[in-house]
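Asker: Take a look and give me a structure for this.
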Amino acid sequence: MAHGITSTDSMFTVREPAWHGLAKVLDTAPGSWDEARREAGLDWDPIQQPVYAKRVQINADTNEPEEVFVPAAGWNEIVRSDNYDRLAISMDSLALITNTDMGVIADSILVDDKYTISTMGSLAGGQRVWALFELGDPIELKGDPSLTRRYMALMNSHDGHGSCRAIATNVRIVCQNTWHASEVRADADEAVYTFRHTKNWKSRVEQIAAEARQAIAGAQKQIELYRETAEHMILAKVTKAQEGKFLTDFIYPSANDHELSKIATTNVRVAREKLAEVYNSVTCEGIRGTAYGLMQAGGEYADHIRPFRNVDSYAGRSLEKTQELKKRAKNMAMAAAAKQL
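Answerer: As a prediction, the model looks like this:
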């Protein structure tokens, strides 16, 4: 399953449902970390217990071989405290960062009270858990009626391998694929701070939290730069001819249409029609006729419209391809703004 959600996973979103329809939808955001954990079904913690290995030894009384179980030195089992499902086998040097600990980390990073928990839940049976915090008020772009939201995600692994990470992101995490997408983009932007599962992690909370706050501040600056670019593109009007050129050539260069097979010609035509539908939909309401509107139409097509076979493959579509298409949309829109399209 592309969403990575099992029968023992649970989660919530606030107001807006998740694409897979498997999350509880809340009318209002939880008022505290403990309340959020209860709503998300994360009111359990990972715990460690001994691992036993089977051995064959000679019974001292009967002098016959027998099977016995002895502690496996150096290893522990990580299980959920609610149902005792196994999450991992790990070396005993691993120090857990629990779901409870995540609240302490969040409070250390988000010293400003102006945030809400937007989504929260688990994946892979509890091997991965997350909380997505919406930071401050949404950003309003002059001339654009839609809003840009800012998030910090706290993402933790109970599988014995991953770490607990605080990342700045604009991806709304609701599944395995959006988890992955947010990590890829945050790594590319170097907007990641890591709490490793080592014995001394608690002694470094304040230091790492301070670095994470700097990362979030850096991400806010990037959003401000995006705001400047976006508002410039909103002011850049495009002609009907430029609109037509973008809506045609974004999918495939029209000059090369003669090279297409009959099936490919049909596919390209349908794709162009879908892109035009996006451009003429509520997605571009208020920004149609601008370079920003063209870029948004291309981005919406890349994220949600380009062909997929089913819901799972829709969510799992190549992130690299999506980013490539979004970059193409921006470049072509900027060219239109410069009257070069």
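
Asker: Quick one: low-confidence residue ranges for the stretch 101-250 of the chain.
Answerer: 112-114, 184-191, 215, 219-220, 222 (pLDDT under 70).

Asker: ok, now with 80
Answerer: Scanning the stretch 101-250 of the chain for pLDDT under 80 picks out 111-115, 136-150, 168, 170-171, 177-178, 180-193, 208, 211-227.

Asker: which residues of the stretch 151-300 of the chain fall in strands?
Answerer: Counting by DSSP state E, counting those that start in this stretch, the segments of the stretch 151-300 of the chain that form strands are 151-157, 164-169, 192-195.

Asker: What pairs with the longest one, parallel or antiparallel?
Answerer: Partner strands for strand 151-157, per DSSP bridges, with pairing direction: strand 128-135 (antiparallel), strand 164-169 (antiparallel).

Asker: out of those, deepest packed?
Answerer: Highest mean neighbour count of the strands paired with strand 151-157: strand 164-169, a mean of 24 (counted as mean count of other C-beta atoms under 10 Å). No exception for glycine: its C-beta is placed from N, CA and C like everyone else's.

Asker: Output it as PDB, restricted to C-alpha atoms.
Answerer: What follows is strand 164-169 as a C-alpha-only set of coordinates in PDB (Å, rounded to 0.1, in the frame of the first residue of the first chain):
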ATOM      1  CA  CYS A 164      13.600  11.700  15.400                       C
ATOM      2  CA  ARG A 165      13.700  14.600  13.000                       C
ATOM      3  CA  ALA A 166      12.400  18.200  13.100                       C
ATOM      4  CA  ILE A 167      11.900  19.600   9.600                       C
ATOM      5  CA  ALA A 168      10.500  22.800   8.100                       C
ATOM      6  CA  THR A 169       8.100  21.800   5.300                       C
END
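
Asker: State the mean pLDDT of stretch 33-46.
Answerer: Averaging pLDDT along stretch 33-46 yields 96.

Asker: Looks like Gly121 contacts Ser10 (just checking).
Answerer: Yes. Counting by C-beta atoms under 8 Å, Gly121 touches Ser10, with 6.1 Å between them.

Asker: care to break this structure down by domain?
Answerer: If you go by automatic domain parsing, the domain ranges for the chain are 11-44+97-215, 46-91, 236-337.

Asker: quick one, which of the ones you listed is packed in tightest?
Answerer: The highest mean neighbour count among the domains of the chain, using mean count of other C-beta under 10 Å, belongs to domain 11-44+97-215: a mean of 18.

Asker: how far does that domain sit from the chain's center?
Answerer: Relative to its chain's centre, domain 11-44+97-215 lies at 9 Å (C-alpha atoms, centre = their mean, to the nearest Å).

Asker: Stretch 91-110 now?
Answerer: The answer for stretch 91-110 is 20 Å, by C-alpha atoms, centre = their mean.

Asker: For that stretch, which outside residues touch it?
Answerer: 33-34, 37, 42-48, 74-76, 78, 129, 131, 133, 135, 152, 154, 156, 158, 160, 164, 166, 195, 197-199, 201-202, 205-206, 209, 212-213, 216 (C-beta atoms under 8 Å, 6 or more residues apart in numbering).

Asker: what's the answer for stretch 224-241, then?
Answerer: Taking C-beta under 8 Å, 6+ apart as the rule, stretch 224-241 contacts 139, 141-144, 148, 246, 287, 289-295, 333-334, 336-337, 341.

Asker: still on that earlier bit, can I get the domains of the chain in CSV including distance to Leu225?
Answerer: Compiled in CSV, these are given as follows (distance: least, C-beta to C-beta, whole Å):
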stretch, distance to Leu225
domain 11-44+97-215, 12
domain 46-91, 39
domain 236-337, 13
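
Asker: Out of the ones you listed, the one nearest Lys221 is which?
Answerer: When these are compared by C-beta to C-beta, domain 11-44+97-215 sits nearest Lys221, at 10.3 Å.

Asker: Report the set of residues contacting both of Gly121 and Ser10.
Answerer: 40-42.
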